[in-house]
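> Fold the stuff below for me.
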Amino acid sequence: MAFYRECLALLGERGDLRVVVDALEGAALTAAWHRPERAAQLLGAAEVMREQFGATFVVPADWAARERASAVVRAAPREQGFQAALSAGHGLTLASATAEVQVMSPPAGVVGEVDHEAANLSVREDQVLRLLVAEQPDRETAEKLCLSMRTVERHTSRIFANLGVRARAAAVSAALAAGLVEPDTPTTT
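Numbers count the residues shown, from 1 in each chain. Model (predicted):
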């Protein structure tokens, strides 16, 4: 999030507007798992600005991230809440959307943004993470993966350390935001 705040502060309305809109959308995607209605507003603002400035092209990797975030944002409030927030975002000016990003901060428990490459999870840790995202208790995770509770706890601790978080909810948010797992991760191994 800090990267997007800095980018928007440096470029403002005088920078390359395609980059400004990309930063605005990136901030929305980062916020999606923590503040879904605000994310929907920022996505709405970015959508309108892309059309206004003729920057309708989206890189395929960005499109996939946008679709993942949109799915989470749509599921978090109700679909009507998503549409209302998206519509509200359509009315935001670039200055007001930028101001929204400037006041955003990560939720409690999230130390920083997760680098997908730096997460460096083992195959087993990835399996534990997927079950953690699926809200499986440690005991059920241990049973499904044929592990001891202590081993699951050790894997969970390593996941927390790699993601730079201290709590299960923060680990889930960080893993989703980094694209390590999909929001609808199946619980099978």
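> On the pLDDT front, check A161 for me.
A161 is assigned 85 on the pLDDT scale.
> nope, A119 is what I meant
At A119, pLDDT is 66.
> can I assume L94 is in contact with Q52?
No - between L94 and Q52 there is no contact under Cβ atoms under 8 Å: 9.2 Å. For glycine as for every other residue, the C-beta is placed from the backbone atoms N, C-alpha and C.
> More neighbours: those two, which one.
With neighbours defined as other Cβ atoms under 10 Å, L94 and Q52 compare such that L94 has more, 20 against 11.
> show me the contacts for the more buried one.
By Cβ atoms under 8 Å, 6 or more residues apart in numbering, the contact list for L94 reads E13, V20, L24, A45, M49.
> Apply 10 Å and report the result again.
By Cβ atoms under 10 Å, 6 or more residues apart in numbering, the contact list for L94 reads 8, 12-13, 17, 20-21, 24, 45-46, 48-49, 52-53.
> mind showing which ranges of this structure have poor pLDDT?
Residues of the chain meeting the criterion pLDDT under 70: 1-3, 12-15, 31-34, 55-80, 105-119, 183-189.
> repeat that for 50
109-116, 185-189 (pLDDT under 50).
> tell me the domain boundaries of it?
The chain resolves into domains spanning 2-102, 116-178 when parsed by automatic domain parsing.
> how about the contacts of L94, which pair is most distant?
Between any two of the contacts of L94, the greatest separation by Cβ to Cβ is 17.9 Å, found for G12 and V48.
> more crowded one of these two?
Using other Cβ under 10 Å as the criterion, G12 and V48 rank with V48 on top: 19 against 11.
> What sits closest to the more buried one if chain neighbours are left out?
Nearest non-adjacent residue to V48, counting by Cβ to Cβ, 6 or more residues apart in numbering: H90, 4.9 Å away.
> roughly how far apart are R50 and H90?
For R50, the distance to H90 equals 12 Å [Cβ to Cβ, to the nearest Å].
> Of the contacts of L94, just say which sits nearest to A85.
Once Cβ to Cβ is applied, the member of the contacts of L94 that ends up nearest A85 is A45, at 10.5 Å.
> For the helix or strand G44 falls within, name the packing helices and strands.
Using DSSP states H and E, G44 sits within helix 36-52. Packing partners of helix 36-52 (3 or more Cβ pairs under 10 Å, 6 or more residues apart in numbering; DSSP states H and E): helix 17-31, helix 60-75, helix 79-90, helix 94-102.
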